[in-house]
Structure formats: structure tokens, C-alpha cells
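K.L.:
Sequence and predicted structure, then a few things I'm wondering about:
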Amino acid sequence: MFYTITLYASLAIFGIGLVYKISNWFRYKIGRDARDISVSTRISAAIKGILSTLFSAKIGILIKVFILNVLLQAHLLRKDFLRWLAHICIFGGFMLLLLMHALEKYITSVLFAEYYPTLNPFMFLRDLFGAMVIVGLALVLYRRFFSKKPRPTTSGMDYYAIIILSAIMILGVLLEATKIVSHSKYEEMVEEYAMLEEEEEMPLEAYWVEKFGVISADVKGPFDKDTLEEGKELHEMSCADCHSRPQWAFMGYAVARVIQPVYFAHTFMWYLHFLACFIGLAYLPFSKFFHIFATPATLLLNAVMEPGKSDPANIATKQAIELDACIHCGDCTARCSVAVAFKQIPNPNILPSEKLAVLRDMASGKKLPEKQLRIIQEGIHICTDCHRCTDVCPAGINLEDLWFSMRDILAQLGYPKPEVWAREGMGAEYDLTRLKAQTLSLTPVDRGFLGGLGESAQASTFSVCFGCQTCTNVCPVVDNYENPQEVVGLVPHQIMHALALGRRDLAFGSRMLWDCVTCYICQEYCPQGVSVTDVLYELKNLSFIHLKEKTE
Amino acid sequence: MEFALFLGCTTPSRLKAYESSSRAVLGELGVTLVDIQEFKCCGYPLRNIDFKAFVLSSARNLALAKKEGLKIMALCKCGYGTLKKAAHLMNENSSLREEINEILAKEGLQYEAEIDIMHLLTVLYKEVGLEAIKEKIARPYENLKVATHYGCHALRPSQVTQFDDPVAPTLFDELVSITGAKSIEWPMKLECCGGPLSGVNDELSFSFTDKKLLDAKKAGADYLTTACPFCQIQFDTVQDHHIPSILYSQLLGLCLGLDKETLGFDSKRAEIENFLGD
């Protein structure tokens, strides 16, 4: 009863979850191109695309990719043998367990008339497949927590996946072990299958204690040869048809050798093992295990879709699928060109492997707080578009396109490229038209500013400026405009002068900071050795610090 | 002659022809390039955002090259200028160097002062030498007029970059001259391509590019030549109505007798072949 209810409940949650998650593939809008495409257009485009691909020569490509990349993970094998082994062990072992063991009623016993879970080869295979999964899990744990190579970040989802899979496996082995040693289970079976005379009970039990690992309170070895011989005969008559030696279930038997029987332990383990399986099943669509659908879909779509040629509706759908295809393996971050910046700017959104989770929230239309949007903006733009993340992704996700889309979404929300955002933000806060109306004091109002520019030693050189205006005269930006001050605010020599007066507000309000093309002509020509360009760089850095503090 | 090739981010992702032509030309001239997989961003894109993140990024690359005992050669002017700048800052400022080294130490790396930072052009000019290149030229150009674009971040601040004379540089012109092409004088030779403002102020950025291309055309150039992916991409984006820009590695490669496919030629620049002499 309990079993049936939980099974159907978890199946129902799994089914609803699957429908919900797959519906997201058509509902999530990522990027500019996806904005104006309706859900129904996307669904019909997908059906059309799938049908036309299935009935074309491309079906061959799909089969090839399915076998080589989805099932055999050839691309992972080329990259890293141990990771490939881990994946094959977990995926292969678990699938075989699912087919042979979990679905025994529907598959194995139909295919093999002589099937019994306690008979070889099935009993041995069950432990072998389980061992495969456990070896795979051990490799995963090693890579994530013990390897000397740079380790990927591990999120809550990764912990869940490792824990639930380990729980299923360990509880399975414990169930097997507690069953092997269980005297109550033994008695139950004897009652049901063996027609024993009273005097025959002892020899059979002795034989099972000796050879099958049952632990009995009354019958203890050592046994004489005749008893065991008689037990063996009884065993062959009543039990052998359904029971191979438990040593073949090598994991369960090994554990059985070190535990003591506890009354009902195997029933308890049975509940736990099933509960773990059902939790795993019910939560699958919401966990990273959902990649078993989304990653193959991505790999297959990559093989048949062409950017620029495929229907934009299908590209929008593919991008939504890609969000679910990420397995958080961390390859992108390991290869990322700018990941090193994370050591100085501790914003996880710099790291490609961490950006996807945020993008998922954004694509779902969830309203994110201002502070978080600002952090995402910083992270998503610390990126050189080097394409390495996309090149290494074993799930075949076109990450770079996702980042472009993410920038689009942020720009729509009022968070464009940080330089543009800071220019507008600082311009509004330090409005020069307002500031100019004030009378300037000739004594420095903010003496601390010079000290604050200590970051790059060269930046403090502004203090030796004697106002010759060479920097301004050679500046190509200034030269670009009829009335430069109307456009850029203070021109370079004025900025140096404003800093000498301690008026950082005047400098901060100048567009000149952001329109500086960093050609270093001013700095090269300065007769006083003022590092004009570097001062402007520093002021930009300070603007970001200021804006960051403001949103915190 | 051996160098660690610092490809940077933009060349391999957006201008593969620069990588393939540089490899081919240097290979032809007997220069061995070592690829260090762990090289990452030079830090240039971080300069507006965070000073230390920029220095750290550069320092890491320099430390990696040093670990291999190699000189480092950049293809982009920005990459070259940034690595030079970071090295200069760390050499001058010991507390900064210590701070950066503390972070690098976690990866088993260390920045040390003595590391040679070169650019493709300085390797050709200073290490390979004009004479050695000249000897290899199979078919020099005839009647080809080329305008050299030096690139700001290699040239300036000259005290840091030590690329060439910042006011009257000749390095690039000499490298062009040995191909048989005539390096023309033009007023805006040393000005910015506009690239750094791309995406921040496109109008201003394109205005720079436009003026520069027009100026080169007015001066009578058939081609503009660059040795930086940012400049090249910038000129290519805006160049429709002016003159084409060609990478120096392609310009040189062609007269060295290397095939156009290896050099990554596209139809836009293929016509330069007509200038090759016999």
C-alpha cells in the first residue's frame, strides 16, 4: 500500500515536472530575437523542424551523434579519460540497474523465463552494475573534492545529485546485506517453499548459516560434515532453483559479513531504498539529472541546426533547452579567459559555470532585486568573448550566445555595458551644469583624494600639472568636437586641475572619462610627466567603486 | 629563436587569419612558437573596472611564460601594451608586486622582473632582423603603397612600452619597405583606430576610424596595414567606403611565397596579389 502510493505519487510528480520543464523550453525567452516569438509559433516550428529532420538525410547524423556522443560520450573520452569513465560508470551502471533490476517485472522477467533476482547471472550483475555506479561516484567525489588539479565549484544541486545517487546505491547494498543475514527472512522463505520435517530444519539452517551467510541465534557452527551434507541435499531440493550463492552478490555479501542481524532491518532498508529511489524520481525534472533529457537534446540539435540558417523560433527554443543542459562540470570556468579576475573581484557571476543559474532565473521572468542585477551586470561584462567556454562545453551549449542574450536582457532592464551605465549614473549624480553654478574655492576641499589615488602609483602624478593644456590640445576626443566641453564636460587638463583642487565631483561628472579612447597621446606629450590617461583610468575605477557602494 | 605565443582572446575568436598568418610567417623565418594552454586574458578589458584585477591577469601570464623560461610574444598591441604596463607597475611598486605574488602563489606561480615582452613586429624587427627577412622574400611587391597603422598601445606610453620612438617611429615602415611596398607618409599615422570605444561610444569610435581611413586614402595609400586584431577589426567594420586594411602578417606572408589559404586571405584582400612582382 505504502509502496504503491509513494510510487504513483512520485511518478505523478515526475510526470508533471517533466511537462512543466519541457513547457519552459517553449516559454522561456532569452535575448532579443526571442522576444517577439509566441509560444505557439515556437511549438509549431519545433514540430515542423523535428519532422523535416527525421524524414531527411540528417537522420543519419542524428543516429551517429546519439551513439557516439550521447551514449558513448566520445567527446568526453578525448578530453579526460577519468571523467569519461565516471560518466560511463554512473550512466551505464544506473541504466542497466534500472532496466534489469528496477523494472524486473516488466523487462527482465519477460525476456528471461528463468529470471530470479537471487539467481545468477542476475544476482551477480546487479552488484556489478551497482559497483559501476559506486566507482563512478567515487571518481566524481575525487574530482570535486580531492583532486590536486583546479576543482570545479560545487553547488547545492551538485550535492543533491551526489547524495541522492549515493543514498540509492548504499541503501540498495544494505538492503541486500540485511536480507542475506536475516534469520526472519530465512524462516519466512523456509515456511513458504520448503516442506521440511522437524528434524530436517536444523541441517538446512546449518547449511545456510555455513554457506549463505544467514546469522541464526540458535544454529551456530562449526557443523559436522554429515549435517552439512544433509543440509545441502535439502537445499538442492527446496532452495537451489531460486538461489545462487550470495557471494556472487559481492557487495551485499561483503557487508553481510560485518553486520549483525537486527530484527526487521531488511524491511526498514527496503523502505529506505525505495524512498530514496522515489525521491530521486520525483525530483528528477527539477534537479540536474534533468540533463539526461536536455543535454542529449542539445547535442542532437547542435548536429542538425545551423546558426543563421535555422528558424529563429527554434533557436530561441534551443537556447532555453541549453539552460537545462548544463551539468555544472566547471569546464567553462576552468578554461575561462577572465576567471582569474574572480580572485580580485569576488563576484561569482564572472565565472561562466555560475552565470547559467542566474540566467535561468532571468529567463523565467523572475524579478530580481536591483543589487543582484548590478552584480550580474558586472559579472556578465567581465568577459572577452573569447569563445573558449563554448568550445570546451561537453554538453555542447553555445554559452557565448547565451551571454550575448543575457546582456540584451540586462540592457533592457536598464543595466547596459558597465562603462555606459557608469557614465550615465555618474553624469546624473555629478551633474556638471549644476556644479558649475557654484563658486570654486581655491583651497583644496578634499585633501584626502590624493591619498585615495594610491592604487596605481602613477595616478597621483596629477598634482604636478601646471595647466599648460598640452594634454587637451593633443587629445583626439577633444579635437573631434566643435565645442568639446558641451559634450565631454571637463577636458583633460581641467580634470587634472579639478583633482588638484580636490574637486573629484567635477571629474566624476565629466563624460571625458568614458569618452577617453586611451590612446595615451596626452600622457606621452605632457611636459610634466603627468600620467593623464592613467589618472582617467583610476577615476573610472573609483566611479565603479562608488556606484558599487551605492547599491550595497 | 623561441617564444611563448600570447594569442590573447580576440585573435583566436574573431580574427583567425591573424593567428594562422603569423604562425606561417614566423615558421618560415625560423621562429619557434610555444603554445601555453594556460595563457588567459591579458587584463586589458579590466582596466576600466579594476586596477588590481588587470595587473593580476597580466602578471599571471608573465609568470607562466617565465616558468617555461620563454620570452613572450603578443599579437595584439593592446595585449602587448597591457603586459608591458603591468610589468612596469610591478617592477616599480614592490608592495603591489608582493600583493599580486601572494595571489599567484596559490597557483604555484610567481612574477619575476626579468621577462622579455615582445610584439610580433618587434620580434620581426629586433630578433629576426630586416636582412634575414629580406633574404626570404620571393616576390616583392611593385607599385604598392601602404599606410602603416602603429597602434596606440604599443607606441605609448613609450617610457613603458619601449616599442619605438613615439613621435617618429620607423619600425613598422621599415618592415613594410622590405616587402617592396612603399610606406607612405600620412598625417594621422599615429592616431587611434577608435577600437577601445567600440560598444561604449560607437559614434565617436566610428568617427575616429572614418577619419583615419579617409586620411590614408587621401595620402594615396592602396592599403592600410595593421598588426593588432582590434585595429584590424575596427577598420574592417567601417571600411566599406574607403580603403581596405590588411594584416602585416598577410602582407609579408604573401611575398614570402606562402599560400593564401594558410595566410587566411579572403576575397576582400585577395587583389593585393596583383601588386606582386615577378
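P.N.:
It's in. Numbering: from 1, shown residues only, chains lettered A, B, ... in the order given.

K.L.:
wait, what's in contact with the residue lying closest to B:Gly180 once chain neighbours are set aside?
P.N.:
In space, not counting the residues next to it along the chain, B:Gly180 is nearest to B:Pro140; the distance is 2.8 Å by CB to CB, 6 or more residues apart in numbering or on different chains. For the C-beta atoms, the positions are set from N, CA and C on the backbone; glycine is no exception. Under the criterion of CB atoms under 8 Å, 6 or more residues apart in numbering or on different chains, the contact list for B:Pro140 reads B:179-180, B:255, B:276-277.

K.L.:
Out of those, which end up buried?
P.N.:
Buried by 16 or more other CB atoms under 10 Å in any protein chain shown: B:179-180, B:255, B:276, out of the contacts of B:Pro140.

K.L.:
Can you add distance to B:Leu197, secondary structure and pLDDT and give the residues you listed back as CSV?
P.N.:
Output for the buried ones among the contacts of B:Pro140, formatted as CSV (distance: CB to CB, whole Å; DSSP: H, G, I helix; E, B strand; the rest coil; pLDDT from 0 to 100):
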residue, distance to B:Leu197, secondary structure, pLDDT
B:Thr179, 32, coil, 97
B:Gly180, 35, coil, 96
B:Cys255, 34, helix, 94
B:Leu276, 36, strand, 90
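
K.L.:
Tell me the one of those residues nearest chain A?
P.N.:
The shortest separation between chain A and any of the buried ones among the contacts of B:Pro140 is 27.1 Å, and it belongs to B:Thr179 (by CB to the nearest CB).

K.L.:
And for B:Ala59, the neighbour number?
P.N.:
The number of residues packed near B:Ala59 is 27, by other CB atoms under 10 Å in any protein chain shown.

K.L.:
do the same with the one 3 residues further on
P.N.:
By the other CB under 10 Å criterion, the neighbourhood of B:Leu62 contains 27 residues.

K.L.:
thinking it is in contact with B:Ile115, fair?
P.N.:
Yes: under the criterion of CB atoms under 8 Å, B:Leu62 makes contact with B:Ile115 at 5.2 Å.

K.L.:
For those two, list the residues in contact with both.
P.N.:
Shared contacts of B:Leu62 and B:Ile115, defined by CB under 8 Å, 6+ apart, comprise B:72, B:87.

K.L.:
Once you drop chain neighbours, what's closest to the residue in the stretch 1-150 of chain A that chain B sits nearest to?
P.N.:
Of the stretch 1-150 of chain A, the residue with the smallest distance to chain B, taken as CB to the nearest CB, is A:Pro150 at 8.2 Å. With sequence-adjacent residues excluded and distances taken as CB to CB, 6+ apart, A:Pro150 is closest to A:Ala334, at 5.8 Å.

K.L.:
Pull the contacting residues for that neighbour.
P.N.:
With CB under 8 Å, 6+ apart as the criterion, the residues that contact A:Ala334 are A:150, A:152, A:392.

K.L.:
State the pLDDT value of it.
P.N.:
A:Ala334 is assigned a predicted lDDT (pLDDT) of 94.

K.L.:
Please, which helix or strand holds it?
P.N.:
Per DSSP states H and E, A:Ala334 falls inside helix A:331-335.

K.L.:
Tell me which helix or strand comes right after that helix.
P.N.:
Reading on from helix A:331-335 to the C-terminus, the next helix or strand found by DSSP H and E is helix A:352-363.

K.L.:
Return the distance of that next one from the chain's centre.
P.N.:
10 Å (CA atoms, centre = their mean, to the nearest Å).

K.L.:
Would you mind identifying the next helix or strand past that helix?
P.N.:
Under the assignment DSSP H and E, the closest C-terminal helix or strand after helix A:352-363 is helix A:370-381.

K.L.:
now the helix or strand just after that following helix, how far from the centre of its chain.
P.N.:
Next helix or strand after helix A:370-381 toward the C-terminus (DSSP H and E): helix A:388-392. For helix A:388-392, the distance from its own C-alpha centre to the chain's C-alpha centre is 15 Å (CA atoms, centre = their mean).

K.L.:
Quick check: next helix or strand after helix A:388-392?
P.N.:
Heading C-terminal from helix A:388-392, the first helix or strand you meet, by DSSP H and E, is helix A:399-412.

K.L.:
measure A:Phe290 to A:Ile259 for me?
P.N.:
Distance of A:Phe290 to A:Ile259, computed by CB to CB, to the nearest Å: 36 Å.

K.L.:
Got the domain ranges for the chain?
P.N.:
Reading this off chain A. A:327-336+A:346-416, A:431-551 (automatic domain parsing).

K.L.:
The chain in question should be chain B.
P.N.:
Recorded structural domains for chain B (assignment: automatic domain parsing) are B:2-119, B:130-275.

K.L.:
Select, out of those, the one closest to A:Val464.
P.N.:
With respect to A:Val464, and counting by CB to CB, the nearest of the domains of chain B is domain B:130-275 at 15.4 Å.

K.L.:
Thank you, goodbye.
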